[in-house]
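[1] Need coordinates for the below:
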Amino acid sequence: MPTLHAAVLGLALAALAGAAPAATTAPAKPPTIVFGLKDPKLAPAGTYKLDDAHAAVIARVSHIGYSVSVFRFDKVAGALKWDPAAPAASSVTATVDTASISSPVPGFAAQLAGAQYLNAKAFPQATFTSTAFRQTDATHGEVDGTLALMGKSKPVTFAVELVGAGPGFGAPRLGMEAKTSIVGADYGLPPQFFAAPIELVIDAEFVRQP
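    Residues are numbered from 1 along each chain as shown. All right, here's what the predicted structure looks like:
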């Protein structure tokens, strides 16, 4: 048995001696992350597309006077023409799929998208088209435009705040939050349930196109 053990040990040492040296290549460095800053000039002029993975359209609705219900539309698209040297010449358009509304109440989203409320089958999209932009300070402004919902178009004004701008990751980015309020009955929503104004909150991140 000692002879067998010696033979096994000899084979093991021989295998180690002939093995390739361990890899010494340094691990790849993670890509540099550049955070956005509250400076609109860091987003160069051009056409920007909405990054739908970093966007949200929220409707805050009074729950018959007891609380505020929050609904989210999950499918949204948009484009921004931006010029930091002439912000007033900028413009934005957005489209929301009304059937993409979500609610934490089981089954309620389908009801909201139905004929009694948003009637998404007849009016599958809501759109916003800007008509004017007024910058009020370095990071705030107002955007006038037309909101079309359920076959009705009404003028609205969004209060806009810059969240951040910068080189992004792969292309320049510009992010903002916009808020406005609408009267549901103006668009055909049941006034008995939508008597209080509906607050719309839009968080949007745009990516500059080549």
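
[2] ok, V105 to L174 distance?
    V105 sits at a distance of 35 Å from L174 (criterion: CB to CB, to the nearest Å). Glycine gets a C-beta too; all of them are placed from N, C-alpha and C.

[3] So for those two, which sits in the more crowded spot?
    In terms of neighbours (other CB atoms under 10 Å), L174 is the more surrounded of V105 and L174; the figures are 24 against 12.

[4] Give me the contact list for the helix or strand where that one lies.
    Assignment of secondary structure by DSSP states H and E places L174 within strand 173-182. Outside strand 173-182, the residues within contact range by CB atoms under 8 Å, 6 or more residues apart in numbering are 36, 40, 43, 48, 51, 54, 80, 82, 143, 147, 154, 156-167, 197-208.

[5] So what are the sheet partners of the strand with the most length in the chain and their directions?
    Residue-count comparison of every strand in the chain, with assignments taken from DSSP state E, identifies strand 46-63 as the longest. For strand 46-63, the pairing partners within the sheet under DSSP bridges are strand 67-73 (antiparallel), strand 76-82 (antiparallel), strand 198-208 (antiparallel).

[6] Just the buried positions in it, please.
    By neighbour count with 16 or more other CB atoms under 10 Å, strand 46-63 contains the buried residues Y48, L50, D51, A55, V57, A59, R60, V61, S62.

[7] for the residue nearest to the spatial centre of the chain, which residues make a bridge with it?
    When CA atoms, centre = their mean is applied to the chain, the residue found nearest the centroid is A55 (0.8 Å). As for beta bridges, A55 partners with A204 under DSSP bridges.

[8] and the gap between it and A45?
    Distance check for A55 against A45: by CB to CB, it reads 21 Å.

[9] pLDDT score for V34?
    At V34 the predicted local confidence, pLDDT, stands at 89.

[10] so who does it touch?
    Taking CB under 8 Å, 6+ apart as the contact definition, V34 lies against G166, P167, G168, F169.

[11] which two in those are spaced the farthest apart?
    Between all members of those, the longest pairwise span (CB to CB) is found for G166 and F169 and amounts to 9.6 Å.

[12] The two: who's more crowded?
    Here G166 and F169 are set side by side on neighbour count (other CB under 10 Å), and the busier one is G166, at 17 against 11.

[13] in stretch 165-179, what counts as buried?
    Counting neighbours by 16+ other CB under 10 Å, the buried set in stretch 165-179 is A165, G166, G168, P172, R173, L174, G175, M176, A178, K179.

[14] Would you mind measuring the gap between the ends of it?
    Separation of the first and last residues of stretch 165-179 by CA to CA, to the nearest Å is 19 Å.

[15] any idea of the mean pLDDT in that stretch?
    When pLDDT is averaged over stretch 165-179, the result is 96.

[16] so how far is it off the chain centroid?
    Using CA atoms, centre = their mean, to the nearest Å, the mean C-alpha position of stretch 165-179 is found 11 Å from that of the whole chain.

[17] swap in stretch 186-205?
    The chain centre lies 19 Å from the centre of stretch 186-205; the measure is CA atoms, centre = their mean.

[18] Could I get the full set of strands for this structure?
    46-63, 67-73, 76-82, 91-97, 101-102, 125-137, 140-149, 152-166, 173-182, 198-208.
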